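Engineer: Need a 3D model of the sequence below.
(chains A and B)
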Amino acid sequence: MAPPKSLKGSSSTSNSIASGSSSSSSAPLRRLGSMSSFQPSLSFKPVPKTKVASPSSSSSSSGSPTSSGVKKTQLQHQNGSKKEHEDRKRMPPPTSSFTASRKSFSSASAGKSPNQSAVNRKGKGKEKEVIELLDDDDDLEEGDAAEKMSAVQMWTELYAPKSETELAPGKARIQRVKNWLHESLYGCPFDAPAPPRGVNRDKIRKYKRVLLLTGPAGTGKTTTVRLLARDLGVEVMEWGEGVEEWSLGGGIERESSMSKFTSFLSRHSFPSMTFSPNSAISSQTAKPRIILLTALPNLSHLPTREAFHAALLNFCQDFESSSCPMIIVHSDAGAGGRAEESWMDRERGGREGSLEMLGRDVKDGPCFLPLAQTFLTKALLRVLQTAIPRALDRPSQSTVQLIAQSSHGDLRSAINSLQLLCAQRIGKCRKRKIRDGDEDDDDDEEPGSKKGKRKGAIGKGSRGGKGGKLDVSRELRAVLDAVTRKEQSLGLFHALGKVFYNKRLSDPSIDEEGEEVLEAIRRLPLDEPLPKHLHHFARSKSLTQMESFIPSVPVDASSFALWIHQSFPEFCQDIEQTSTGLDALCSADIMRTDDDIWQSSPQAIAYALHLSIRGIQMALPSPVPRRSQKVIKPQFFEFYRQERENVSSLDHIAGYIAKKGVVGSNACADGEKEAGAAGVWGGMLPKRIVATEMVPMMLKLSSTSRKPLLPSSAQSLILPSYALSADRNRFAELTAKDELDQDENDAAGLVDDDQPMHPQAWAEDLEDQPGEGEGDAGDLLEDDDIMDWD
Amino acid sequence: MSLWVDKYRPRTLDELHYHADLSSRLRSLAASGDFPHILFYGPSGAGKKTRIMCTLRELYGPGVEKLRIDQRVFVTPSNRKLDVNVVQSNYHIELTPSDVGIYDRVVIQDILKEIAQTQQVDLNAKQRFKVVIINEADALTRDAQAALRRTMEKYMNNMRLILCANSTSKIIAPIRSRCLLVRVAAPTDDEMTKVLNHVAKKERFSLPSAAAQSILTASEGNLRKALLVFEAMKMQKPDFSGGDIEVAKPDWETYCAKVADSILQEQTAQRLLEVRGKIYELLSHCIPPTVVLKTIAERIVDKVDDALKPQIVHWAAHYELRMRMGAKKIFHIEAFIAKVMM
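Structural biologist: Sure thing, here's the model as predicted:
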């Protein structure tokens, strides 16, 4: 395996080759690049000619070890630039070289074999993290260069879709993007015949300036745009956050990223200039161009956001027939998986928020949802088919499905884990050949496998969580646990079960537990006995290992508290226990608010989760009596939605009352004193009074007198009649059977935290989940995706 | 048709039925030509707003009743748009900034600045200044109150403030000291009976004293509520006949009472779950959680032994405090109920 240093070296070589200069001049060029105001634009001159990789470079790159040696000596020669290289080592490789490689790859994809090496070499910088994971297999792979290549190159790039049909997102969505692209470039949808040239064209184009593609990471947004652009013969100018210049060190005067952005826009919003005198003709022949924005500036900083909006607005207003459209790709990845008040965030932000973030003038494009499992599996199988020619070598179908499941709709991460998995298998096969080991590949319980053991406890939990029907060995799971980037989450049902059943070491039914877990618990040091006055707090050891359990809670802290709150009274034996538990939930709730004290503390949410789980376990009896309690979806979401509806109708009513008062008051002022029919009151009432005093009584009055006092929307404010013991069955029960879907839904809820799902929508999602099998995962998607099924 | 509450609302200071002292004081204030900032405070339904409107009429004449209602849009620093309903005449403007929650400061600043910077255009106006009425002044955030304090001094030339609040305790001291405090106490039973009889006379029927008494107990010094209940009763039973007069209470009050009764009947986790649904129902119908907690607690206190009463009140206070700090109101109400059940 090549050491990281050589990786860096080779990536910088690639850069220099791409810009058409010899490798010896790479250092000065690099410095130039870092000084230039906008680095990506520099290196992102489209390089269709990379196909013709110079023989010298390909030879130097095909065997990395030698090339690294060469590179090293070169480095030593260039004393001046050495420091800079050292600096570069500490940070991720520049996006510029990465995107360049990708571009060159996609343009060169027709003839693959000759230039694959060149591409491989370039992709390496990106892969560093994965390579390090792989390094146990180093020594084994040394011999086979070809195999190594296929393992080292990222599959996500190597087997990126090459035609529209291979794209993973739903067809309708792709079609929308395509139509938009076409309209913005040529003024008509893709399918429609081109209208006659003239003003007509620009009329549509004028309003199709900016497209916003949103969706969680790894759903193929950027890939779609790139591929469509290639198909339409469009040149893509990309802006992404490159390496921050200040981190490159030095007292170079730096430009703020915003001013870079504006200058980038002004430079690139028109097709490249040609020097022919009659520019009118040349602009016809020049390739059309789109601007692709993959990284946004720090928009939470207000001045930056304003500047950004201004730049966008400017861009939208300066329209000429030759100017080009912009596509903004924004993955809402940031918030995913963090335990925070996600539904509160959604309430505040949501889609509205993301639009607001980008300014009002942005057309809201299709939102890419997390991919459904079937789509993922399909895409993964496609990759596998091209990646591993022999069917025997491929991992089993169920493995692929498992990967698809655990990736939470993130295709990129799914492919990455697939690749790593295959690399492991190849390595393992060879190991076994050397040791003359046994044949069976998939099901061995290799005793020496460290990973299997280390991950044992978690592996067990996640097997439950993922609905362990799939027949995949434990070791494979362990590998997956190690591979998948996102933390494995327990299914909600199991997480709640762990809390509610409150298993402790002294339970009589303890034998059901896995011996492994028990062993782990027993090995923990004994607690010191509590002093007398605290004696009632004594509990025997819990079988829930908080440290591994809490990070695996699948929903955010406050939703989890709601789930607990909804069902836990059933698990209590008496009301004292319930009360203690509720107290814990209350205290946790206080921590979660935007109070001055806690607002600044990121720990507060974690504390709250701990407090609610541990508090509940303290309160619950041990052992918990089993009387077929049900876990129920929190009523909170439903009532919250209702409340919001009612609040808005209350607003309406308040406005209505005020308006009537104003009318009446005016009538009085006009002297129709005895008109009497209208109200006289000319003021506003606080909403609290409207809700508690006016509306109930007015409803009563209008029901008896049958004279409409209030608009019809007030009907929703009537309380239903009071009846106990009703409607327990009304609420969806959460069972293990649903859990697979549940998992998917929750995953979606987690992954796309910023996605415009209001809490109601979220609640609906939970509610609408169908009872059966995994095929229903498509439920989360929109119609157009479901059409793709057949 | 209009409600009796509106129909028989006094429109001049002379028509007011009670607090005659206060009325004469307000009258002389309005006549003096030098009108201070005023903070009206007193319990709900005591007649604060009525007195404010009467005073305005005294200040500006009947022209102040020519109202219009506007929807203003304010933009917060974070670019959020807020819609606020504003009722105004040529002489005054009335707003409820607390409707927009934590953004009330923006509303206050914008509106006050706008009012303060425009001179009175009507040459025939009796006063040089305009009046700004701020409802629910005690629900304003600290920030908004601070903003108010500065503008109060700065724009004294063109503008007077009339604040309307339930209690002065949540209003910061600098504002209190800049205002003339006017307390509007709840009417006594006699005064309320007088008002009820006045209304009955206008509606041309007579109110039996037993019915009047039951209305008084139901309304707890809240004249608005008394009149609403009165009208509802009249609608249900036009002649007030029969011995047992059923007082028409708002639905949610009866609902809360039933919740309290169910709590007292049975103290199990199962019952708690049933009651939870009811609490959700109340909350989702826009009944403020504090009101729910208070009503239930009061009902329970009515029913239990004396020895338990202090404890119940203690826990009610404890959980109401926590509810104000917390986000999920249901947790706290339920914790209180569980505590009571213990």
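
Engineer: Which residue ranges make up each domain of the chain?
Structural biologist: Assuming you mean chain A. A:4-125, A:164-244+A:258-272+A:285-368, A:371-490, A:492-532+A:542-632, A:636-717 (automatic domain parsing).

Engineer: other chain: chain B
Structural biologist: Taken from automatic domain parsing, chain B resolves into B:4-183, B:189-236, B:252-341.

Engineer: what's the closest of these to A:Ala168?
Structural biologist: domain B:4-183 (35.0 Å; C-beta to C-beta). No exception for glycine: its C-beta is placed from N, CA and C like everyone else's.

Engineer: ok, is the closest one in contact with chain A or not?
Structural biologist: Yes. Counting by C-beta under 8 Å from any C-beta of the partner chain, chain A is contacted by domain B:4-183 at B:5-7, B:9, B:11, B:44-45, B:49, B:52-53, B:62-63, B:65-69, B:77-79, B:85, B:87, B:94-96, B:98-99, B:133, B:135-136, B:139.

Engineer: Pull up the distance across that domain, start to finish.
Structural biologist: End-to-end distance of domain B:4-183: 25 Å, with C-alpha to C-alpha, to the nearest Å as the criterion.

Engineer: pretty sure A:Leu543 contacts A:Leu505?
Structural biologist: Yes. Assessed by C-beta atoms under 8 Å, A:Leu543 is found in contact with A:Leu505 at 6.8 Å.

Engineer: Settle it for me: which of the two has more neighbours?
Structural biologist: A:Leu543 (19 against 16; other C-beta atoms under 10 Å in any protein chain shown).

Engineer: The residue in the stretch 401-550 of chain A positioned nearest to chain B sits in which helix or strand?
Structural biologist: At 12.8 Å from chain B, A:Phe500 is the closest residue in the stretch 401-550 of chain A, using C-beta to the nearest C-beta. Using DSSP states H and E, A:Phe500 sits in helix A:492-501.

Engineer: on that earlier part again, okay, the domains of chain B in CSV with mean pLDDT and mean neighbour count next?
Structural biologist: Shown next, in CSV, are the domains of chain B (pLDDT from 0 to 100; neighbours: other C-beta atoms under 10 Å in any protein chain shown):
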stretch, mean pLDDT, mean neighbour count
domain B:4-183, 84, 18
domain B:189-236, 84, 18
domain B:252-341, 87, 19
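
Engineer: Between these, which one is closest to A:Phe571.
Structural biologist: domain B:252-341 (8.5 Å).

Engineer: and that closest one with chain A, contact?
Structural biologist: Yes. Counting by C-beta under 8 Å from any C-beta, contacts between domain B:252-341 and chain A involve B:252, B:254-255, B:258-259, B:262, B:267-270, B:272-274, B:276-278, B:280-288, B:291, B:319, B:322, B:325-328, B:330-332, B:334-335, B:338-339, B:341.

Engineer: Does chain B have contacts with the helix ranked longest in chain A?
Structural biologist: Secondary structure assigned by DSSP state H gives helix A:635-669 as the longest helix of chain A. Yes. Helix A:635-669 comes into contact with chain B (C-beta under 8 Å from any C-beta), by way of A:635-636, A:639-640, A:642-643, A:646-647, A:650, A:654-655, A:658-662, A:664-666, A:668-669.

Engineer: Show me which of the residues you listed are buried.
Structural biologist: A:635-636, A:639-640, A:642-643, A:646, A:650, A:654-655, A:658, A:660-662, A:664-666, A:668-669 (16 or more other C-beta atoms under 10 Å in any protein chain shown).

Engineer: What about the residues of domain B:4-183 next to chain A, which are in strands?
Structural biologist: B:68-69, B:85, B:87, B:94-95, B:133 (DSSP state E).

Engineer: what residues are up against A:Arg626?
Structural biologist: For A:Arg626, the contact set (C-beta atoms under 8 Å, 6 or more residues apart in numbering or on different chains) is empty.

Engineer: That one and chain B: what is the separation?
Structural biologist: The gap separating A:Arg626 from chain B is 15 Å, by C-beta to the nearest C-beta, to the nearest Å.

Engineer: A:Lys378: what's it in contact with?
Structural biologist: A:Ala168.

Engineer: quick one: it is in a helix?
Structural biologist: Yes. Per DSSP: H, G, I helix; E, B strand; the rest coil, A:Lys378 lies within a helix segment.

Engineer: Spatially, and excluding backbone neighbours, which residue is closest to B:Ile111.
Structural biologist: Of all residues not flanking B:Ile111 in the chain, B:Leu95 sits nearest, at 6.2 Å (C-beta to C-beta, 6 or more residues apart in numbering or on different chains).

Engineer: so what's that neighbour up against?
Structural biologist: A:684, B:84-87, B:107, B:111, B:132-135 are the contacts of B:Leu95 under C-beta under 8 Å, 6+ apart.

Engineer: How much space separates A:Leu376 from A:Gly170?
Structural biologist: To A:Gly170, A:Leu376 is 13 Å away according to C-beta to C-beta, to the nearest Å.

Engineer: For these two, indicate the residue with more neighbours.
Structural biologist: A:Leu376 (27 against 24).

Engineer: how close does the more buried one get to A:Leu228?
Structural biologist: Applying C-beta to C-beta to A:Leu376 and A:Leu228 gives a distance of 21 Å.

Engineer: Hmm, B:Leu207 is touching B:Lys194, no?
Structural biologist: No. With contact defined as C-beta under 8 Å, B:Leu207 does not count as touching B:Lys194 (11.1 Å).

Engineer: Next, show the common contact partners of these two.
Structural biologist: With the criterion set as C-beta under 8 Å, 6+ apart, the contacts of B:Leu207 and B:Lys194 do not overlap.

Engineer: can you tell me which helix or strand the closest residue to A:Gln635 other than its chain neighbours belongs to?
Structural biologist: Nearest non-adjacent residue to A:Gln635, counting by C-beta to C-beta, 6+ apart: B:Tyr280, 5.5 Å away. Taking DSSP H and E as the definition, B:Tyr280 sits inside helix B:269-284.

Engineer: Can you name the secondary structure element that comes next after that helix?
Structural biologist: Helix B:269-284 is succeeded, C-terminally, by helix B:289-303 (DSSP H and E).

Engineer: what angle sits between the helix or strand following that following helix and helix B:289-303?
Structural biologist: Once the chain leaves helix B:289-303, the next helix or strand it forms, by DSSP H and E, is helix B:309-325. Interaxial angle of helix B:309-325 relative to helix B:289-303 (axes from the mean of the first three to the mean of the last three C-alpha atoms, to 10 degrees): 170 degrees.

Engineer: Who are the packing partners of helix B:309-325?
Structural biologist: helix A:575-591, helix B:289-303, helix B:329-341 (3 or more C-beta pairs under 8 Å, 6 or more residues apart in numbering or on different chains; DSSP states H and E).

Engineer: now A:Leu585: how far from B:Ala260?
Structural biologist: Distance from A:Leu585 to B:Ala260, by C-beta to C-beta: 22 Å.

Engineer: anything in the helix or strand harbouring A:Arg688 near chain B?
Structural biologist: Counting by DSSP H and E, the element that carries A:Arg688 is helix A:687-689. Yes. Helix A:687-689 reaches chain B (C-beta under 8 Å from any C-beta) through A:687-689.

Engineer: got the CA positions of stretch A:169-178 in PDB?
Structural biologist: Output of stretch A:169-178 as PDB, limited to C-alpha atoms (Å, rounded to 0.1, in the frame of the first residue of the first chain):
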ATOM      1  CA  PRO A 169     -33.100   8.400  -8.300                       C
ATOM      2  CA  GLY A 170     -36.600   8.100  -9.600                       C
ATOM      3  CA  LYS A 171     -37.200   8.700 -13.300                       C
ATOM      4  CA  ALA A 172     -39.700  11.400 -12.900                       C
ATOM      5  CA  ARG A 173     -37.400  13.400 -10.800                       C
ATOM      6  CA  ILE A 174     -34.600  13.100 -13.300                       C
ATOM      7  CA  GLN A 175     -36.900  14.000 -16.000                       C
ATOM      8  CA  ARG A 176     -37.800  17.200 -14.200                       C
ATOM      9  CA  VAL A 177     -34.200  18.200 -13.800                       C
ATOM     10  CA  LYS A 178     -33.600  17.400 -17.500                       C
END
